[in-house]
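Engineer: Need the 3D shape of this:
(one chain, ligands or ions: 1)
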Amino acid sequence: MKKEFLDRIRAEIDLDAAERNFMELKGFLYDGFTKPACVIKADGYGHGDLPLMRLYRKLGVDFFCVSNTAEALRLRDGGCTGDILILGWCCPDDADILAENDIICTVVSVENAAELSKKASKPVRVHIKANTGMNRIGLNTGDAEQCAAEAAKIAAMPNISVEGIFTHFAAADSRLEKDIAFTEEQKLKFLDAVNAAERHGLKFKQVHFLNSAATMYSYDSRSTLARLGIVLYGLRPAYSLHMPVVLEPVMSLKTVVSQVKTVHKGDSVSYGRTYVADGDRVIATVPCGYADGYPRLLSGNCEAIIRGKRAKGVGRICMDQMMFDVTKIDGVSAGDEVTLIGRDGSNTITADDLAEACGTIGYEIVCGISKRVPRVYIGGDQSDSDDE
Ligand SMILES: *Cc1c(COP(=O)(O)O)cnc(C)c1O
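Structural biologist: Take a look at the predicted model:
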């Protein structure tokens, strides 16, 4: 990428921070039972799947999770030699391509498995998804015996090689008593079904139910994998959570001041004239907007760090530009760096802060940083930087 294209805006991905997060999480997990499985679906939550895959491989990770066939193939084609599990629904038409690329797919029902088996001309590695309360995908576990019978039926199908079984918690990111109880209930339902399936003669290499939040708050060594997603990126499963580990956000979003102008009492800024100056105000414009993934919902309710100081956003956020009041910051001029997410001096704005301000979660913010924003890798091994 030519330097001048990076000057407008860039998402800096700090591979050293990613490494420190991983080591911290690995230390938290280490008991010899549960192995980290790095969830790098959705292009590594917007951070770039291949550079992260290479980093985690170097750190000894041999299990990765993605959400669909295309993402799995990207990892394989990108040189990933570890296990790759597709967590979501896999189209049975993909059977052979999954088998050829040694990708593990998820089956969600007996019918789904039957179709996969029918379409496969060679063995496909499979994990069975068990539904314990998300009510999204998976075999129902309300009746452990019935679930076990279904799992056994799947395992007996031609060209289906069942290696694992897993479930997903609905409320592991909440510390409310009722949610903690629900997570526990899900876990028991799941383990009952797994035990019943084992009595039916099934053997699972992997039995797993921990996501980031469950790893942090409901750790259980009976899960052979911890499917770590959001925490790898240094964000929190939920804003109000106190994290038992020290994590650093991996992504920063940086842009630049394009122009500085002074407006006067009664002048408005941006579409809809929602902001009207009540006196002389110095306004800095920056070339980042909602098309870059900065939420328009934050119009009038956002901040940037410029020259180490916080500046308030004013007026509507446009598709490609937004404005900040820099009246109280000395000497702001065109070309100054603007931090929208990240740290500058003693000030920090996180993706979680943005999410909290617009009623969503940090996941959506980082996943939403659009593809026109170049990802620039810092730290780590610089040979990781040259990606498509
Ligand atoms: C995305 C996903 C995860 C990772 O979730 P985090 O909250 O980011 O840790 C784990 N398991 C499944 C099934 C997922 O879909």
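
Engineer: and the stretch 51-200 of the chain, which residues reach the ligand?
Structural biologist: 87, 168 (CB under 6 Å from any ligand atom). C-beta here means a position set from N, CA and C on the backbone, and glycine is covered the same way.

Engineer: Do you have the helices of the stretch 51-200 of the chain handy? List them.
Structural biologist: 69-77, 95-100, 110-119, 144-155, 177-199 (DSSP state H, counting those that start in this stretch).

Engineer: So which of those helices is nearest Asn21?
Structural biologist: In this view, these are compared for proximity to Asn21 by CB to CB, and helix 69-77 is the closest at 19.7 Å.

Engineer: Report all helices and strands that the closest one contacts.
Structural biologist: Using 3 or more CB pairs under 8 Å, 6 or more residues apart in numbering; DSSP states H and E as the contact criterion, the secondary-structure elements in contact with helix 69-77 are helix 41-45, helix 49-58, strand 63-66, strand 83-89, helix 95-100.

Engineer: ok, back up a step: so which of the helices of the stretch 51-200 of the chain is nearest Leu59?
Structural biologist: Short answer: helix 69-77, nearest of the helices of the stretch 51-200 of the chain by CB to CB, at 15.8 Å.

Engineer: circling back: reformat the helices of the stretch 51-200 of the chain as TSV; add distance to Asn135 and mean pLDDT.
Structural biologist: Putting the helices of the stretch 51-200 of the chain into TSV (distance: least, CB to CB, whole Å; pLDDT from 0 to 100) gives the following:
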stretch	distance to Asn135	mean pLDDT
helix 69-77	24	98
helix 95-100	26	98
helix 110-119	16	98
helix 144-155	14	98
helix 177-199	11	98
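
Engineer: For the helices and strands packed on helix 69-77, give me TSV that also has mean neighbour count.
Structural biologist: Rendered in TSV, the data for the helices and strands packed on helix 69-77 read as follows (neighbours: other CB atoms under 10 Å):
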stretch	mean neighbour count
helix 41-45	22
helix 49-58	21
strand 63-66	26
strand 83-89	22
helix 95-100	18
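
Engineer: Look up how far Cys302 lies from Val326.
Structural biologist: Using CB to CB, to the nearest Å, one obtains 14 Å as the distance from Val326 to Cys302.

Engineer: of those two, who's got more company?
Structural biologist: The residue with more neighbours, out of Val326 and Cys302 and counting by other CB atoms under 10 Å, is Val326; that gives 25 against 22.

Engineer: buried sites along stretch 198-209?
Structural biologist: Burial within stretch 198-209, assessed by neighbour count using 16 or more other CB atoms under 10 Å, is assigned to 202, 204, 206-209.

Engineer: Which ones among those lie within strands?
Structural biologist: Among the buried residues of stretch 198-209, the residues falling in strands (DSSP state E) are 206-208.

Engineer: Is the nearest residue to Ala291 once chain neighbours are set aside in a helix, a strand, or coil?
Structural biologist: In this structure, Ala291 finds its nearest non-sequential neighbour in Met319, 4.6 Å apart by CB to CB, 6 or more residues apart in numbering. For Met319, the assignment made with DSSP: H, G, I helix; E, B strand; the rest coil gives coil.
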